[in-house]
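Student: Could you work out the structure for the sequence below:
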Amino acid sequence: MDTDVPGSPGPELKEYTALLRRRWRLVGAGVLGGVTLALAGVFAVPSTYTSSAAVQVLPTGMAEFTGERSGRVAGDVNLDTEAQVLRSEEISSVAAALVTEATGTTVNADAMREHVDVTVPSNSNVLEIHYTAHSPEAARAGAAAYSDAYLEQRRQRVDDLIGGHLKALRGERERLEGELGELVSVTGASDPRAEALRQEITGVGAGIGPLSALRETVEPGRIITPAGLPERASSPNPPLWVAGGAALGLLAGLLAAVVRDRLDPRLHDTEETERVGGLPVLLDLSPGSPRRGGRTPGLLGEDDRGGQRVQSLVHLIRAGTGDAPVPAPGEEEGPRAGRVLMVAATTPGRAGAAAAVNLAAALARTGSETLLVCADPRSDTVGELLGLPEGPGLAEALVDGENPAELEVRPQAAPRLRVLRHGRPGVAAPVQDTGMTDLIGLLRESADHVVVAVPPPSERADVHAVAGSADLMLPVVELDRTPRADLTGLLAAAGRFGLDVPGVVVLPRQPLPGPLPHPTPASTTPASDEHVTAAGTVRTEETPAESDTPAEAVEDPKAVEDRGTGEDLGTAEDPGLPGRPKAVEDPEDSEDPEAPEDDEIVTVPADSATGARH
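Tutor: Numbering: from 1, shown residues only. Prediction:
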């Protein structure tokens with residue numbers, strides 16, 4: 001039965017969405033933490049206010065002297081240079097003086113520089129001045145002071161440049177006029193050199209006139225948007241802070257979820273199971289779980305959606321292995337060649353037994369002779385699902401050599417299924433004994449399919465003991481509990497034994513199991529206080545006063561019934577146990593030399609329909 005499908009090489013998108021579904025609490029905690037920290041910051045951080053002013057920088061007409069045409073320019077003004085000038089120490093000192101004069105509070109120039117910011121809108125000759133302070137009034141005063149200080153400094157700088165240039169031109173003209181006067185007095189006015197000096201004086205005078213006019217009319221800039229009083233705090237901005245905190249918390253939660261998932265050694269979904277095990281999930285009973293840790297699945301019927309998934313797997317198993325051949329009419333039936341299907345749990349508890357019970361019941365519903373062998377000491381799940389009490393089974397067959405066919409029972413919940421229970425309470429089934437191999441060979445001859453439920457390798461090595469006799473193994477993965485290493489280890493063990501593993505069965509997380517029972521070795525001599533069990537085993541009771549003497553007799557069922565009805569037999573009080581009826585001996589029983597000794601067990605073959613023993 002070769003249905004191996006290689007797993008995907010790496011995580012897919014749906015695996016990440018599954019990660020979010022698994023770790024949503026961690027992601028939600030990250031978002032909540034980010035929002036909480038943001039709100040705490042909103043209330044803890046002092047509020048600040050920002051006032052803005054816009055200054056249009058105009059050309060001065062002195063570009064050849066001021067360098068306004070160099071660098072990034074808008075028109076004839078280098079705005080990069082002007083932005084740096086506005087934040088200079090010189091402008092900050094003037095602005096600090098203006099603020100001190102306006103508010104009456106001394107302000108440090110360096111502190112003001114830390115709170116001012118200048119931006120230049122693209123394709124414009126405008127400087128936007130933003131000043132931040134702890135009060136709206138201080139913010140407006142700072143922005144206004146910087147805009148006024150910048151314009152005043154720029155006006156003064158242009159005036160100084162023009163004044164200096166005029167002074168130089170006038171000085172040059174005076175020098176030339178002096179030279180001309182000396183030359184005329186010596187050589188006369190008709191000297192050609194005198195004419196050249198007159199022309200130079202005229203040229204210098206032509207430069208003085210425009211500069212003098214420019215000095216009177218120059219406008220270095222103007223305020224187009226005066227500083228206003230801010231209506232609300234610029235920082236902290238609650239909507240922005242909360243959104244940013246939520247985004248950072250989401251990022252932190254996602255990172256924590258990924259790290260937590262990578263460090264978690266357990267399997268969480270079918271996609272991860274297929275990727276880690278390299279095998280397909282043949283049966284997924286995890287959907288529809290009522291809640292985490294719920295007792296599901298139960299015994300699934302044909303009408304259940306989960307039951308139909310089990311039936312699909314059963315048909316796949318039958319198609320790959322087939323049933324034992326049925327003898328022709330009149331032909332003597334020989335030994336069957338049944339197939340042994342080992343259902344191996346990967347976690348202690350309910351998952352492995354629940355999967356084995358449903359698979360065995362589904363096989364029986366198809367008409368195949370199916371035997372369920374409970375090799376897991378935790379047999380309470382089998383009893384819970386099939387309604388079976390604890391009783392003799394595998395342990396008695398292996399240790400006492402009892403006929404397993406006489407120990408089989410047919411549960412009312414699945415009448416077509418035969419079940420070989422683990423054994424009486426407190427009795428250990430030596431599955432790892434060599435007799436287990438012989439017993440499995442014997443069971444093959446009586447069934448088409450023998451389903452053996454074994455405990456996880458992390459508890460016992462029964463998987464290795466049964467693997468040599470099995471034809472097929474189905475690992476049972478319990479989501480959110482099965483470690484990855486346990487699944488890969490189980491598959492590696494199957495590979496060493498050459499055991500066919502067509503796929504994996506997946507169940508939801510089950511309730512935590514109780515402690516593993518501490519069985520005692522099986523013995524043919526039961527305890528003296530045993531009673532009649534549901535399996536029909538009759539055991540004598542021994543009173544404290546008669547513990548050292550032989551039992552009077554072992555009653556047959558007819559005697560027990562007669563004593564219960566009170567017909568033909570009297571009831572005498574047992575002197576050893578006051579108030580307790582004393583058994584009345586049957587003369588034939590007392591004289592029977594074959595009567596069982598004290599503490600013997602009397603058994604008869606199991607009824608073929610109900611499996612009861614008398």
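Student: So the nearest residue in space to residue 408 that is not next to it in sequence: helix, strand or coil?
Tutor: Spatially, and ignoring its direct neighbours in sequence, residue 408 is nearest to residue 418 (4.7 Å; C-beta to C-beta, 6 or more residues apart in numbering). Glycine gets a C-beta too; all of them are placed from N, C-alpha and C. Secondary structure assignment for residue 418 (DSSP: H, G, I helix; E, B strand; the rest coil): strand.
Student: First-to-last residue distance for stretch 491-500?
Tutor: End-to-end distance for stretch 491-500, by C-alpha to C-alpha, to the nearest Å: 10 Å.
Student: for stretch 223-233, same thing?
Tutor: Using C-alpha to C-alpha, the two ends of stretch 223-233 sit 24 Å apart.
Student: Off-centre distance for it?
Tutor: 51 Å (C-alpha atoms, centre = their mean, to the nearest Å).
Student: Tell me the buried residues in it?
Tutor: By 16 or more other C-beta atoms under 10 Å, the buried positions in stretch 223-233 come out as 223, 227, 230, 233.
Student: Quick one: mean pLDDT over the helix or strand hosting the first one.
Tutor: The secondary structure element spanning residue 223 is strand 221-225 (assigned by DSSP states H and E). Per-residue confidence for strand 221-225 averages out to 90 on the pLDDT scale.
Student: what does stretch 22-30 give?
Tutor: 90.
Student: CA-only coordinates of that stretch in PDB, if you can.
Tutor: Output of stretch 22-30 as PDB, limited to C-alpha atoms (Å, rounded to 0.1, in the frame of the first residue of the first chain):
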ATOM      1  CA  ARG A  22      -2.900  29.400  17.300                       C
ATOM      2  CA  ARG A  23      -1.000  32.400  18.700                       C
ATOM      3  CA  TRP A  24      -3.800  35.000  18.500                       C
ATOM      4  CA  ARG A  25      -3.600  35.500  22.200                       C
ATOM      5  CA  LEU A  26       0.100  36.400  22.000                       C
ATOM      6  CA  VAL A  27      -0.500  38.700  19.000                       C
ATOM      7  CA  GLY A  28      -3.500  40.300  20.800                       C
ATOM      8  CA  ALA A  29      -1.400  40.800  23.900                       C
ATOM      9  CA  GLY A  30       1.300  42.600  21.900                       C
END
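Student: Same list (the buried residues of stretch 223-233) but as a markdown table, adding secondary structure and distance to residue 87.
Tutor: Output for these, formatted as a markdown table (DSSP: H, G, I helix; E, B strand; the rest coil; distance: C-beta to C-beta, whole Å):
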| residue | secondary structure | distance to residue 87 |
| --- | --- | --- |
| 223 | strand | 17 |
| 227 | coil | 16 |
| 230 | coil | 21 |
| 233 | coil | 24 |
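Student: sorry, back to before: and the next helix or strand past the strand holding residue 223?
Tutor: helix 238-263.
Student: List the buried residues in that next one.
Tutor: 241, 242, 245, 246, 248, 249, 250, 252, 253, 254, 257, 261.
Student: ok, now stretch 310-321?
Tutor: Quick answer for stretch 310-321 (16+ other C-beta under 10 Å): 310, 311, 313, 314, 316, 317, 318, 321.
Student: Show residues contacting that stretch.
Tutor: Stretch 310-321 is contacted by residues 1, 3, 282-283, 285, 300, 302, 339, 341, 358-359, 362-363, 365-366, 368, 449, 471-472, 502, 505 when judged by C-beta atoms under 8 Å, 6 or more residues apart in numbering.
Student: so for it, what's the average pLDDT?
Tutor: Per-residue pLDDT over stretch 310-321 has a mean of 86.
Student: pull the CA atoms of that stretch into CSV?
Tutor: Presented in CSV, the C-alpha positions along stretch 310-321 are these (Å, rounded to 0.1, in the frame of the first residue of the first chain):
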residue,chain,number,x,y,z
VAL,A,310,-13.0,7.0,9.0
GLN,A,311,-14.8,4.8,6.5
SER,A,312,-12.9,6.4,3.7
LEU,A,313,-9.6,5.5,5.4
VAL,A,314,-10.9,1.9,6.0
HIS,A,315,-11.7,1.4,2.3
LEU,A,316,-8.2,2.7,1.5
ILE,A,317,-6.7,0.2,3.9
ARG,A,318,-8.8,-2.7,2.5
ALA,A,319,-7.9,-1.7,-1.1
GLY,A,320,-4.2,-1.9,-0.2
THR,A,321,-4.2,-5.0,2.0
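Student: Can you pull out the low-pLDDT segments for this protein?
Tutor: 1-12, 61-76, 288-295, 321-336, 516-614 (pLDDT under 70).
Student: can you list the domains in it?
Tutor: Using automatic domain parsing, the domain parsing of the chain gives 49-225, 306-324+334-510, 538-602.
Student: Most tightly packed of those?
Tutor: domain 306-324+334-510 (a mean of 21; mean count of other C-beta atoms under 10 Å).
Student: chain center to that one, what's the gap?
Tutor: The answer for domain 306-324+334-510 is 32 Å, by C-alpha atoms, centre = their mean.
Student: Same check on stretch 140-158?
Tutor: 60 Å.
Student: Report the contact partners of the residue nearest to residue 408.
Tutor: Per C-beta under 8 Å, 6+ apart, neighbours of residue 418: 369, 370, 371, 372, 408, 409, 410, 447, 611.
Student: Please, where are all the helices along the stretch 101-250 of the chain?
Tutor: 109-115, 136-187, 192-217, 238-263 (DSSP state H, counting those that start in this stretch).
Student: can you give me the angle the second one makes with strand 221-225?
Tutor: Same thing as helix 136-187. 160 degrees (axes from the mean of the first three to the mean of the last three C-alpha atoms, to 10 degrees).
Student: Output stretch 259-279 as PDB, nothing but the C-alphas.
Tutor: The C-alpha trace of stretch 259-279 is given here as PDB (Å, rounded to 0.1, in the frame of the first residue of the first chain):
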ATOM      1  CA  VAL A 259       9.600  32.800  18.000                       C
ATOM      2  CA  ARG A 260       7.300  31.000  20.300                       C
ATOM      3  CA  ASP A 261       6.100  28.700  17.600                       C
ATOM      4  CA  ARG A 262       9.600  27.900  16.400                       C
ATOM      5  CA  LEU A 263      10.600  27.100  20.000                       C
ATOM      6  CA  ASP A 264       7.500  25.000  20.600                       C
ATOM      7  CA  PRO A 265       8.400  21.300  19.800                       C
ATOM      8  CA  ARG A 266       4.800  20.200  19.300                       C
ATOM      9  CA  LEU A 267       2.800  19.700  16.100                       C
ATOM     10  CA  HIS A 268      -0.100  22.100  15.700                       C
ATOM     11  CA  ASP A 269      -1.900  21.400  12.400                       C
ATOM     12  CA  THR A 270      -2.100  19.000   9.600                       C
ATOM     13  CA  GLU A 271       0.100  21.000   7.300                       C
ATOM     14  CA  GLU A 272       2.900  21.000   9.800                       C
ATOM     15  CA  THR A 273       2.400  17.300  10.400                       C
ATOM     16  CA  GLU A 274       2.700  16.500   6.700                       C
ATOM     17  CA  ARG A 275       5.700  18.700   6.400                       C
ATOM     18  CA  VAL A 276       7.600  17.200   9.400                       C
ATOM     19  CA  GLY A 277       6.600  13.600   8.900                       C
ATOM     20  CA  GLY A 278       6.800  13.600   5.100                       C
ATOM     21  CA  LEU A 279       3.600  11.600   5.000                       C
END
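Student: Return the set of buried residues in that stretch.
Tutor: 261, 266-279.
Student: sorry, back to before: tabulate the buried residues of stretch 310-321 in CSV, adding columns for secondary structure and distance to residue 158.
Tutor: What follows is those, written out as CSV (three-state DSSP; distance: C-beta to C-beta, whole Å):
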residue, secondary structure, distance to residue 158
310, helix, 94
311, helix, 97
313, helix, 93
314, helix, 98
316, helix, 94
317, helix, 98
318, helix, 102
321, helix, 102
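Student: Many thanks, we can stop here.
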